[in-house]
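*Asks:* below are the sequence and a predicted model; questions follow.
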Amino acid sequence: MLTRARAVRLELRLGYWCEAIAYHPQGHRTFWLGSHPAATPRLAMRWLHTRAAHIADQLDPPAATIVRHWLTDQAEHEHALALLVNGELYAHTIHEDSLHYLLSARPANRTALPKQAP
């Protein structure tokens, strides 16, 4: 008699998961810049803003100006918080000539991990 194995899913229960990556638009390479668990949507946005400010410090002035505008855009900030509170992903892309930066935050409790052997 065959028994059906039931898949057990572990779920992260950290609140929100934030990530920053850089990538070439042509898809040649991707660079992981960091990740961070956050307990609340506001803390997730604070981490994204901190990473964006660090990135802006390294960009040419025209691109840095756009990033700094995003950092002070209250309407966009409220939109991002609303998405996170509703269980959705928020992502923002910073465009530079040869490299793009993707900042994202999402509810961590929706991230299912496969069961791992002991």
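*Replies:* Noted; the coordinates are in hand. Everything quoted here is computed from the prediction, not taken from an experiment.
*Asks:* CA atoms for contacts and neighbours, from now on please.
*Replies:* OK.
*Asks:* hey, which helix or strand in this protein has the poorest pLDDT?
*Replies:* strand 9-11 (a mean of 41; mean pLDDT, DSSP states H and E).
*Asks:* sheet partners, orientation included, of the helix or strand that comes right after it?
*Replies:* Later in the chain than strand 9-11, the nearest helix or strand by DSSP states H and E is strand 16-23. Its sheet considered, strand 16-23 pairs with strand 30-38 (antiparallel), strand 100-107 (antiparallel) by DSSP bridges.
*Asks:* residue 62 versus the residue nearest the centre of the chain, what's the distance?
*Replies:* Nearest to the geometric centre of the chain sits residue 104, at 1.9 Å (C-alpha atoms, centre = their mean). For residue 104, the distance to residue 62 equals 22 Å [C-alpha to C-alpha, to the nearest Å].
*Asks:* returning to what we had before: now the strands paired with strand 16-23 in CSV, with distance to residue 73?
*Replies:* Output for those, formatted as CSV (distance: least, C-alpha to C-alpha, whole Å):
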stretch, distance to residue 73
strand 30-38, 21
strand 100-107, 16
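*Asks:* so which of those strands is the most packed in?
*Replies:* strand 100-107 (a mean of 22; mean count of other C-alpha atoms under 10 Å).
*Asks:* contacts for it?
*Replies:* 15-25, 44-45, 48, 52, 84, 87-95 (C-alpha atoms under 8 Å, 6 or more residues apart in numbering).
*Asks:* tell me which residues in the one helix or strand residue 65 maps to are buried?
*Replies:* Using DSSP H and E, residue 65 maps to helix 61-71. Across helix 61-71, burial judged by 16 or more other C-alpha atoms under 10 Å covers 63, 64, 67, 70, 71.
*Asks:* right, and out of those, which lies closest to residue 40?
*Replies:* residue 71 (18.4 Å; C-alpha to C-alpha).
*Asks:* thinking again about what came up before, identify the bridge partners of the residue nearest to the centre of the chain.
*Replies:* Bridge pairing for residue 104 - DSSP bridges - gives residue 19, residue 91.
*Asks:* restricting to C-alpha, output the lengthiest helix in the chain in CSV.
*Replies:* Identified as the longest helix of the chain according to DSSP state H is helix 41-58. Only the C-alpha atoms of helix 41-58 are listed here, as CSV (Å, rounded to 0.1, in the frame of the first residue of the first chain):
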residue,chain,number,x,y,z
PRO,A,41,6.0,47.9,6.9
ARG,A,42,7.5,51.1,8.2
LEU,A,43,10.7,49.4,9.3
ALA,A,44,10.9,47.7,5.9
MET,A,45,10.6,51.1,4.1
ARG,A,46,13.2,52.6,6.4
TRP,A,47,15.6,49.8,5.4
LEU,A,48,14.8,50.4,1.7
HIS,A,49,15.4,54.2,2.2
THR,A,50,18.7,53.6,3.9
ARG,A,51,19.9,51.3,1.1
ALA,A,52,18.7,53.8,-1.5
ALA,A,53,20.6,56.6,0.2
HIS,A,54,23.7,54.5,0.2
ILE,A,55,23.2,53.8,-3.5
ALA,A,56,22.5,57.5,-4.3
ASP,A,57,25.9,58.4,-2.7
GLN,A,58,27.6,56.3,-5.4
